[in-house]
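Novice: 3D model of this:
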Amino acid sequence: MPLYDYRCDCGVQFEIHVPSWNTPNPPCPLCDRQTRRMPAAPAFHTGAKPPPGPNEAPASYEGVGMGDRETITRWRRQLDQHAKLAEKHPELQVKREAIAAHEGAFANRPLSYRELAQRAAPSGDADTAARAAAKDRASETPAKPHRH
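Specialist: Numbering: from 1, shown residues only. So this is what the prediction gives:
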């Protein structure tokens, strides 16, 4: 069953599955008047995809070929292209959180400033909150390394 877009003179636009291409246009669901079929919007399937963003970038020294300049330069250019494209297409923007701690107990799951602030809110003491977060992390089962 094909899916077609229809429009009525009252301003209503809708889409509906119809049995075949030669099915008469359905009446308007709002005013019951005759509708007209709208031309289908073209679909462009180019296979193009945006350059890799920060979530795909390597997060370790080993990931950039042990500091290989060409690898680092290639990734920097790709991330610059992604950032430039994300300015025009907000859906490509990557939300990132500031990290308060990422070593030791926080190696697999970094402590964000947002989490630290939430934990410190009741007491107002960030040091105590960070220690509590480290203790919680130590009691967790090992997880996959978090990319940041």
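Novice: wait, what's in contact with residue 85?
Specialist: 50, 51, 92 (CB atoms under 8 Å, 6 or more residues apart in numbering). Every C-beta, even on glycine, is put in place using the N, C-alpha and C of the backbone.
Novice: Can you select the buried ones from the residues you listed in PyMOL?
Specialist: Here is the PyMOL command that selects the buried residues among these (16 or more other CB atoms under 10 Å):
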select buried, resi 51
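Novice: Can you tell me which of the contacts of residue 85 is nearest residue 44?
Specialist: Nearest to residue 44 out of the contacts of residue 85 is residue 50 (CB to CB; 15.0 Å).
Novice: one step back: using CSV, lay out the contacts of residue 85 together with pLDDT and secondary structure.
Specialist: Listed next are those as CSV, based on pLDDT from 0 to 100; DSSP: H, G, I helix; E, B strand; the rest coil:
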residue, pLDDT, secondary structure
50, 86, coil
51, 89, coil
92, 86, helix
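Novice: Lovely, talk soon.
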